[in-house]
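fold the following and give me the result.
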Amino acid sequence: MEQKTVKRPGDCTILIVDDEEIICEMLSDALEPVYKVKKCSLGSRALQLIDEYDFDVVITDLKIPDVSGLEVLEYAKRKDEFTEVIVITGYASLDSATLAINQGVYSYLLKPLQITEFMIQVEKAVASRLFHLRSIELMRKSDAFDPDVKMHVHEITSLYYFIRKLMLSLEIAEIMRITLDEANQRMQAVLSVISISIPGFQELYLMPAQGELYETNARELVERFREQVFMSPGVPQQEVLERLQPVLFRGKQGELPRLQKVTPVAVPMMITDRILGTLTVFIDTAAAPQEGQNQFLYVFSSIVSSVIDHGYIALQAKRQAKTDSLTGIANHRHFHETLDREIARAARKKGVFALVLLDIDNFKNVNDTYGHQIGDAVLVDMTRRIMAMVRGGDVLARYGGEEFGIILPDTDLEGAEILADRILKAISSQPFSFAQRDIRYTVSIGLAVYRGEDDVGKDRLIAAADRALYDSKENGKNRLSIGTIDL
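Residues are numbered from 1 along each chain as shown. Purely as a prediction, here's the structure:
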């Protein structure tokens, strides 16, 4: 059968929506030599144009007057679900990005745009649009195909849509949500589960086809089918399973299906010879899966495994970039990022927060006497003791060497003093036992409180805490001193 080209790239029509005239002109100038282009600056006008024309690609700013970019995206998709939409924005927002992904956005770009990168994204969007149109044309002619061929073409096209959506995901949780939702739909499952067991991550994600699953039900199901849910690389011990906090996603609207009579179908998730975990779908026992479904689940697992692996690698890289390799707490860079954020928040809300700097007394003597290995062990011990006392929102960071910082959001002088006194007593009252040796050590502490109404810079805050720390060192060590910020 001869197949004709539905459209060529040069035949495609693109709509640009941005209230910044200079952006509209810049993008239009880049696109017009290749494509047919229309542009507007108002969301309401964009909706009118979408009604009037059959756009192949819509490029919209997220924040535009009168109608949001997400509404433009939704409107374009409602008219033609195969219209490709590229969202651009001047500010990053995970929530808005997630909404855009869920509504079928093709790409999500941040300003300032690089024209070369922008054009590549447009070319890819146009190629995707033409792929959709050719698929539709092929499906239209598929009545003459063998039913198996027709079904296979449909599966390939559907997988393409899923992979594209999956590749846009920004966070592990969102990748898992998309994957579980797709598994439920494709396998006509009651519930789907992904277990992850890789270095640094032991995690469990569950999503029913519809309704809401509660933790008690989730734990009962996992316990009941533990060998299937954790078929590889091994079933965790009971104490590990009890500590595991499952991540539960809500299914589509409706009541939670009965979980008493379900049959698990599990496949390993692998990257070459490395196992990430297990994908398990639970089918109603009365509707056992067909052979084709099982084969599809293996193909599906192979596709998602590489994306999930990449997501965890990216997450690990983010953690390492902000984590001290020895102690596992925040590093110098993360300390300054957090301090900048707390100063901005306190200034905006006219609130207060406290900064604590502490330093191990005579740490050089510890290294000289016992060696650097034990010196490192002392640093880890001190970190462990302090972490047992700080709140969940507090940030303990290794500021440098044996000096540490603690950022205490929404904490006044009295609250910070209480914590500092507890740290002094906790460290000085009990020696650190290592290699059959008792090593006694103490810390000196400097404290300063930032008040939002004072509107002073970060350097002055750090200088005040640092001067207080120096005073503690000079006045006998193992004590707290309070610094005043120079206004």
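
C-alpha from now on. contacts and neighbour counts both.
Noted.

so residue 283 sits right up against residue 188, yeah?
Yes. Using CA atoms under 8 Å, residue 283 is in contact with residue 188, at 7.1 Å.

higher neighbour count, those two?
residue 283 (22 against 17; other CA atoms under 10 Å).

now do the contacts for that one.
Taking CA atoms under 8 Å, 6 or more residues apart in numbering, we find residue 283 in contact with 187-191, 262-265, 289.

of those - the most surrounded one?
Highest neighbour count within the contacts of residue 283: residue 191, with 29 neighbours (other CA under 10 Å).

what count of nearby residues applies to the nearest residue to that one once chain neighbours are set aside?
Leaving aside its sequence neighbours, residue 191 sits nearest to residue 208 (CA to CA, 6 or more residues apart in numbering; 4.1 Å). Around residue 208 there are 27 other residues, counting by other CA under 10 Å.

and the contacts of stretch 178-194?
Here stretch 178-194 makes contact (CA under 8 Å, 6+ apart) with 162, 165-166, 176, 204-210, 229, 251, 257, 259, 262, 277-284, 289, 293, 297, 304.

mind listing the helices for the stretch 51-200 of the chain?
Here the stretch 51-200 of the chain has its helices, by DSSP state H, counting those that start in this stretch, at 69-79, 94-102, 115-140, 147-168, 172-187.

domain map for this structure?
Split into domains by automatic domain parsing, the chain comes to 9-144, 171-315, 332-482.

just the mean pLDDT for the shortest one, thanks.
Read it as domain 9-144. The average pLDDT within domain 9-144 is 84.

next one: it to chain centre, how far?
Here domain 9-144 is found 25 Å from its chain centre; the criterion is CA atoms, centre = their mean, to the nearest Å.

likewise stretch 313-324?
On the basis of CA atoms, centre = their mean, stretch 313-324 sits 12 Å off its chain's mean C-alpha point.

going forward can the numbers begin at 461, since that is how I track them
OK, 461 is where the count begins now, so the last one is stretch 773-784.

for it, list every residue counted as buried.
782-784 (16 or more other CA atoms under 10 Å).

tabulate those (TSV), appending secondary structure and pLDDT.
Listed next are these as TSV, based on DSSP: H, G, I helix; E, B strand; the rest coil; pLDDT from 0 to 100:
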residue	secondary structure	pLDDT
782	coil	83
783	strand	87
784	coil	88
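
for the chain, what's the longest helix?
helix 751-781 (DSSP state H).

what's the angle between it and helix 632-647?
Using axes from the mean of the first three to the mean of the last three CA atoms, to 10 degrees, the inter-axis angle of helix 751-781 relative to helix 632-647 is 180 degrees.

give me the mean pLDDT for helix 751-781.
Rounded mean pLDDT across helix 751-781 is 79.

pull out the buried residues from that helix.
Those would be 757, 760-765, 767-769, 771-772, for helix 751-781 by 16+ other CA under 10 Å.

how far away from the center of its chain is it?
Once both centres are worked out by CA atoms, centre = their mean, helix 751-781 turns out to sit 15 Å from its chain's centre.

next, give me the two most distant ones among the buried residues of helix 751-781.
Farthest pair in these (CA to CA) is 757 and 772. Separation: 21.6 Å.

phi first, then psi, for the residue nearest to residue 651.
phi -80, psi 160 (degrees, to the nearest 10).

and the gap between it and residue 758?
To residue 758, residue 668 is 20 Å away according to CA to CA, to the nearest Å.

residue 775 too?
For residue 775, the distance to residue 758 equals 25 Å [CA to CA].

list the buried residues in the one helix or strand residue 835 maps to.
In this structure, residue 835 sits in helix 832-847 according to DSSP states H and E. By neighbour count with 16+ other CA under 10 Å, helix 832-847 contains the buried residues 834-839, 841-843, 846-847.

please apply the same query to stretch 904-919.
Going by neighbour count (16+ other CA under 10 Å), the buried part of stretch 904-919 is 904-912, 916.

sounds good, over and out.
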